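# Got a predicted model here, sequence first, then my questions.
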Amino acid sequence: MKLSQLQYFEVICKYSNITKASEVLHVSQPTLSGVINELEKEFGVTLFYRQRNGITITEDGEKLLELSKTVTVPAENLIQKMRERGSANHTVRMGIPIMTGTVIFPLVFRMLQDQYPDTKLEITEAISPDSISMVSEGLLDAAIVSCDRPLPAAVESITICKLPIRFYMSIDNPLAYMTELDYATIKDTPLVMFSTKTTIYRFVMNEFSKLGITPNIILHSGNLYAIRNLLNNDSASAFLYDGILDPKEENIACIPLPGDPRADIRLIWNRNHNQSAGLKNLIKMLKNNPIEL
């Protein structure tokens with residue numbers, strides 16, 4: 001016996017007519033007839049007398065109707081309360097990349113506070129590939145990620161901005177006053193790079209590979225404080241997103257790259273999971289208000 005069978009049974013009893021019940025439930029008549037047959041077989045009783053002009057409930061049918069409501073009414077109350085709870089949930093578990101989040105997240109957070117102050121964020125810092133996996137598995141409700149590869153089938157996304165990739169170095173570096181750098185010019189420059197899983201790493205390595213160059217990577221680090229200090233004392237240079245560090249406040253220069261490369265920054269969520277009120281607010285906000293840099 002299933003809850004849906006009892007719910008169908010109650011509607012059939014209400015109208016004493018399978019045709020009418022079929023119209024109300026938007027379920028085929030053979031399906032409803034099958035439900036009655038299955039219940040009668042399971043309980044070993046006759047629930048309706050079949051007549052030419054319709055059906056009439058039996059004494060056993062009356063008893064099942066009475067008992068059925070002790071199950072369906074509480075179940076429907078439970079469903080309603082849980083739906084209300086879900087629609088009132090304004091908390092979003094959100095993944096933020098360390099580097100991208102430094103630029104994008106403050107803008108998103110401020111906008112969210114202005115437009116939907118009841119929506120709360122629980123932040124997890126993770127590189128984009130890990131955030132994508134966690135959204136796919138339901139461990140996060142949403143994430144801001146940089147995308148250069150196809151997303152899993154269950155993951156839906158919207159582009160919220162295109163973030164420029166720049167080359168950062170100390171102002172004491174002889175190359176610091178160039179208006180644009182090419183990859184051949186910086187082939188011997190000591191570099192500090194983010195994780196090999198990141199979009200920016202794959203992009204940079206692909207550009208060097210096109211020229212047959214092996215870059216001089218001396219360190220992989222996701223610590224922006226350490227990267228900033230390495231740049232300030234001219235120990236290394238780095239490929240970072242525009243806005244990660246402020247040249248006006250640092251001993252560094254930020255130089256454009258050929259073609260003005262930009263990373264596709266997206267908000268992602270799992271289309272197969274129920275969306276809380278908070279997540280709906282976040283999606284709606286960023287659909288209607290792309291980030292302007």
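Done, it's in. Since the structure is predicted, the reported quantities are computational estimates derived from the model, not experimental observations. Numbers count the residues shown, from 1 in each chain.
# alpha carbons only for contacts and neighbour counts from here, please
Fine.
# Surely I18 and L32 touch.
Yes - I18 sits in contact with L32 when judged by CA atoms under 8 Å, with a separation of 7.0 Å.
# Give me the distance between the worst-scoring helix or strand of the chain on mean pLDDT and the centre of its chain.
Per-element confidence for the chain was summarised using mean pLDDT, DSSP states H and E. The lowest value among helices and strands belongs to helix 59-87, with a mean of 78. Relative to its parent chain, helix 59-87 has a centroid offset of 34 Å by CA atoms, centre = their mean, to the nearest Å.
# Check stretch 93-106 too.
Relative to its parent chain, stretch 93-106 has a centroid offset of 13 Å by CA atoms, centre = their mean.
# what's that stretch in contact with?
Defining contact as CA atoms under 8 Å, 6 or more residues apart in numbering, one finds that stretch 93-106 is touched by 121-128, 131, 140-146, 222, 224, 240-241, 243-244, 291.
# Now do that stretch, average pLDDT.
Mean per-residue pLDDT for stretch 93-106: 88.
# Report the buried residues of stretch 10-27.
Using 16 or more other CA atoms under 10 Å as the test for burial, stretch 10-27 gives 10-13, 16, 18-19, 21-22.
# Equivalent analysis for stretch 265-273, please.
If you call a residue buried by 16+ other CA under 10 Å, then stretch 265-273 has these buried ones: 265-270.
# Give me the distance from that stretch to the chain's centre.
With CA atoms, centre = their mean as the basis, the distance from the averaged C-alpha position of stretch 265-273 to the chain average is 3 Å.
# before we move on, what about stretch 230-250?
Using CA atoms, centre = their mean, the mean C-alpha position of stretch 230-250 is found 31 Å from that of the whole chain.
# Can you get me the start-to-end distance on it?
Distance between the two ends of stretch 230-250: 12 Å, counting by CA to CA, to the nearest Å.
# Just the buried residues of that stretch, please?
230-232, 234-245.
# what's the closest of those residues to I165?
Y241 (4.5 Å; CA to CA).
# Not counting its neighbours along the chain, what's nearest that closest one?
Once its chain neighbours are removed from consideration, Y241 has its nearest residue in I165; the separation is 4.5 Å (CA to CA, 6 or more residues apart in numbering).
# which element follows the helix or strand where that neighbour lies toward the C-terminus?
Here I165, judged by DSSP states H and E, is contained in strand 155-170. Along the chain past strand 155-170, the next helix or strand (assigned with DSSP H and E) turns out to be strand 191-193.
# contacts for that next one?
In this structure, residues lying in contact with strand 191-193 by CA under 8 Å, 6+ apart are 201, 215-222, 227, 236-239.
# Leaving out the residues flanking it, which one is nearest to S128?
Counting by CA to CA, 6+ apart, V145 is the residue found nearest to S128 once chain neighbours are left out, at 4.9 Å.
# Bridged to that neighbour, which residues?
Per DSSP bridges, the residues bridged to V145 are R266.
# Report how many residues lie close to it.
When counting by other CA atoms under 10 Å, one arrives at 29 neighbours for V145.
# what does R228 give?
Based on other CA under 10 Å, the number of other residues close to R228 is 22.
# so which helix or strand takes in it?
Following DSSP H and E, the helix or strand that holds R228 is helix 224-232.
# and the protein, what are its domains?
3-87, 92-156+271-288, 163-262 (automatic domain parsing).
# Compare those and say which comes out lowest on pLDDT.
The stretch with the lowest mean pLDDT among the domains of the chain is domain 3-87, which comes in at a mean of 84.
# From the chain's centroid, how far away is it?
Its chain's C-alpha centre lies 39 Å from the corresponding centre of domain 3-87 when counted by CA atoms, centre = their mean.
# picking up where we left off before, as a markdown table, the buried residues of stretch 265-273 with distance to L112 and pLDDT would be great.
Formatted as a markdown table, the entries for these read as follows, by distance: CA to CA, whole Å; pLDDT from 0 to 100:
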| residue | distance to L112 | pLDDT |
| --- | --- | --- |
| I265 | 18 | 94 |
| R266 | 16 | 94 |
| L267 | 14 | 95 |
| I268 | 16 | 96 |
| W269 | 17 | 95 |
| N270 | 20 | 93 |
